[in-house]
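>>> 3D model of this:
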Amino acid sequence: MSDNPKPVDFDTAPPVQVAQYDNLITKFVPGYEVIFQLAAAHFSTVLPSPARMLVVGAGSGKELLVFGQARPDWSLTGVDPSGHMLSLARRKLEQAGIKATLHQGLVQDLPTTERFDAATCILVTHFLPDDGSKLALLKSIAERLPPGAPLILLDIYGGAQFVREFGPTWIAHGHGMGIPLEVITNLEKGHAQFFPVSEERSLELLAEAGFEKVRRFYSALIYCGWIATKTA
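Take a look at the predicted model:
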């Protein structure tokens with residue numbers, strides 16, 4: 001990884017073309033679609049009906065699409081800084097007949113008076129440096145959840161050395177899934193723009209942001225996810 005990496009910007013300098021994002025991430029992240037299906041299943045068991053769901057880093061809309069199809073009674077709000085990604089999400093949702101409120105910007109831009117019954121932050125915080133940015137995002141999510149509300153956090157994890165060690169496996173997996181080597185090479189360079197931290201650090205950040213009862217939700221290669229509960 002670079003000594004001074006810059007956060008990924010999907011509007012001005014995307015690591016991959018936005019139109020290719022869904023196809024590539026589905027192949028690179030083991031169980032990508034299952035992650036959202038499991039999240040929907042878990043929330044269905046613990047949330048009231050109807051429920052208000054906050055999707056942080058809504059991106060191309062896959063998560064909102066899965067949630068909307070699984071639970072039409074949920075009220076969905078997606079937040080993402082990328083206008084290009086949200087345009088793609090909007091088209092998908094309209095084609096599927098799913099209603100969702102989309103905000104271009106940051107969670108911090110949402111009124112603090114807005115309250116949600118649950119939130120997800122999936123494949124987002126590894127784009128933020130651990131200089132207070134990760135913590136600020138998690139705190140902004142916590143401020144918009146009532147005590148006892150669940151959060152699913154999932155990211156590239158393990159620290160820079162861990163990610164480097166599994167780099168060859170990650171490349172081989174992507175190539176085996178049919179992604180051309182030149183595309184993989186470009187994506188590997190994009191890893192220099194990621195800021196992964198260890199699982200221990202992720203748990204520290206969750207606790208400092210106001211979450212407790214953290215349980216492992218998912219783990220595959222360089223990706224890991226947890227379910228946490230807003231502190232009472």
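
>>> mind checking the backbone torsions on the residue lying closest to Thr77 once chain neighbours are set aside?
Once flanking residues are discounted, Thr77 sits nearest to Thr101: 4.6 Å by CB to CB, 6 or more residues apart in numbering. In this view, the C-beta of every residue, glycine as well, is placed from N, C-alpha and C. Main-chain torsions, Thr101, degrees, to the nearest 10: phi -90, psi 120.

>>> shouldn't Thr101 be in contact with Trp74?
No: using CB atoms under 8 Å as the test, Thr101 is too far from Trp74 to be in contact (11.8 Å).

>>> neighbour-wise, which of the two wins?
Counted by other CB atoms under 10 Å, Thr101 and Trp74 do not tie: Trp74 has more neighbours, with 23 against 12.

>>> that one and Ser44, how far apart?
Distance, Trp74 to Ser44, by CB to CB, to the nearest Å: 9 Å.

>>> residues near the residue lying closest to Thr26 once chain neighbours are set aside, how many?
Spatial nearest neighbour of Thr26, chain neighbours left out: Tyr32 (4.9 Å); criterion: CB to CB, 6+ apart. Tyr32: 17 surrounding residues under other CB under 10 Å.

>>> next SSE downstream of the strand or helix carrying Leu137?
Using DSSP states H and E, Leu137 sits in helix 133-142. Proceeding N to C from helix 133-142, the next assigned helix or strand is strand 150-156, under DSSP H and E.

>>> ok, then the element right after that following strand?
Immediately after strand 150-156, counting by DSSP H and E, sits helix 159-165.

>>> got the buried residues for the helix holding Leu137?
Lys134, Leu135, Leu137, Leu138, Lys139, Ser140, Ile141, Ala142 (16 or more other CB atoms under 10 Å).

>>> again, but for stretch 47-67
Of the residues in stretch 47-67, those buried (16+ other CB under 10 Å) are 47, 51-67.

>>> can you find the helix or strand in this structure with the smallest mean pLDDT?
Least confident helix or strand of the chain, by mean pLDDT, DSSP states H and E, is helix 181-190 with a mean of 73.
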